[in-house]
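Undergrad: Prediction below, plus the sequence it came from.
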Amino acid sequence: MRETVKKPRVVESEVRVRYAETDAEGVVYYANYFIYMEVGRVNYLRALGLNRSVWQQSGLGLVIVEAHCHYHAPAHFDERLIIRTWVEEIRRSSFALAYEILHAEDGRLLANGYTVQVLVDLQSMRPIRLPPEVRDALCAASGTGDEQ
């Protein structure tokens with residue numbers, strides 16, 4: 001019998017490059033790719049039914065402890081970009097999301113990367129264990145159904 005490997009759930013977000021996001025050379029300034037990743041991250045969590053504002057009301061917050069971006073090709077003003085986001089890894093109090101930023105018209109890979117988020121108590125800023133509903137949603141979306 002052939003084993004089926006489940007793929008992680010991918011959520012796509014679209015942005016259009018604004019003029020303010022470009023540099024003197026007319027290309028998207030490198031740091032703005034992290035903002036595009038944030039768009040993907042917020043939309044991904046929303047698609048999983050995870051509402052960050054509820055966490056904040058409970059005194060919890062997500063802190064980015066690591067971010068990486070590899071640049072492949074430039075994006076320019078007014079181009080449409082697709083941000084593909086998925087769960088890469090789940091740990092006790094943290095999880096990693098991976099991203100691909102593609103040119104919407106021709107599908108060219110412009111950048112890819114990842115971020116590692118830690119759930120913290122906002123009073124102490126100490127990591128706390130992911131609540132079961134968060135872990136369950138992330139595990140289901142990861143395609144493994146359990147902790148990686």
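TA: Thanks, I have the structure now.

Undergrad: residue contacts, A73?
TA: If a contact means CB atoms under 8 Å, 6 or more residues apart in numbering, then A73 has 103, 108-110 as its contacts. In this view, the C-beta of every residue, glycine as well, is placed from N, C-alpha and C.

Undergrad: which SS state does it fall under?
TA: The three-state assignment at A73 reads coil, by DSSP: H, G, I helix; E, B strand; the rest coil.

Undergrad: So, low pLDDT: which residues of the chain?
TA: Of all residues in the chain, those with pLDDT under 70 make up the ranges 1-5, 145-148.

Undergrad: Would you state the strands of it in chain order?
TA: 11-16, 60-71, 80-90, 94-103, 109-121 (DSSP state E).

Undergrad: Which secondary structure elements does the shortest one sit against?
TA: Where contact means 3 or more CB pairs under 8 Å, 6 or more residues apart in numbering; DSSP states H and E, strand 11-16 is packed against helix 32-47, strand 80-90.

Undergrad: from the strands of the chain, which stretch is densest packed?
TA: Among these, ranked by average contacts under mean count of other CB atoms under 10 Å, first place goes to strand 94-103 (a mean of 21).
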